[in-house]
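>>> take a look and give me a structure for this.
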Amino acid sequence: MTENEIAKIVVDSAYRVHSKLGPGLLESAYQAILAYELRTRGLKIETEVMMPVIYDQLSLNIGYRADIIVENKVIIELKSVEKVIDLHKKQLLTYLRVSNMRLGLLINFGTPLIKEGITRIVNGLQE
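Predicted structure coming up:
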C-alpha cells in the first residue's frame, strides 16, 4: 500500500470521527478514537512513537513523539486547537526527516470542518 493510499484511508477515517464527535475534545481522545478507527480498517498503527534525534553518531531519545504512525509509512500529528501554526507543520516535517518517511498528515480536530484541518506535509514524496 502506498503512502497516498494510506492517506486516503486516514482522511476518510478522520472525517468519520469528526462527523460523529465534532470539535472540542482533547487531542488524546481523538488519538485513541482515530487509532481505533484505523485498526478496524485493517491498518497497522503505532501510537506515541519515540522519534530519536540523530546527530553524527549520537542518538537521543529526548521526548519527541509521533502521535500515530501508519504502516511504517505515514506519520499523523494530531491537534485539537483553534488554529494550526507554522511550528506544528515544521514539527511534522522534522519527524519525517528523522524517520526517513515521506508523508505526514497534520490533522486538527479543532476546526468546524475537518477538511479545513488537514494538511499534507511531504518529505521527498512524488505527488
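
>>> any idea which helix is longest in this protein?
Determined from DSSP state H, the single longest helix within the chain is helix 3-21.

>>> now it: buried residues?
For helix 3-21, the neighbour count (16 or more other C-beta atoms under 10 Å) marks 3, 6, 7, 9, 10, 11, 13, 14, 17, 18 as buried. To be clear about C-beta, it is placed using only N, CA and C from the backbone, and glycine gets the same treatment.

>>> quick one: list the elements packing against that helix.
Applying 3 or more C-beta pairs under 8 Å, 6 or more residues apart in numbering; DSSP states H and E, one finds that helix 3-21 contacts helix 27-40, strand 74-79, strand 103-108, strand 118-122.

>>> would you turn these into CSV with distance to residue 92?
Formatted as CSV, those follow (distance: least, C-beta to C-beta, whole Å):
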stretch, distance to residue 92
helix 27-40, 14
strand 74-79, 5
strand 103-108, 4
strand 118-122, 5
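
>>> need these in JSON lines (columns: distance to residue 67, mean neighbour count and mean pLDDT).
Supplementary listing: these in JSON lines, determined by distance: least, C-beta to C-beta, whole Å; neighbours: other C-beta atoms under 10 Å; pLDDT from 0 to 100:
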{"stretch": "helix 27-40", "distance to residue 67": "5", "mean neighbour count": "17", "mean pLDDT": "97"}
{"stretch": "strand 74-79", "distance to residue 67": "5", "mean neighbour count": "24", "mean pLDDT": "97"}
{"stretch": "strand 103-108", "distance to residue 67": "9", "mean neighbour count": "24", "mean pLDDT": "98"}
{"stretch": "strand 118-122", "distance to residue 67": "13", "mean neighbour count": "17", "mean pLDDT": "96"}
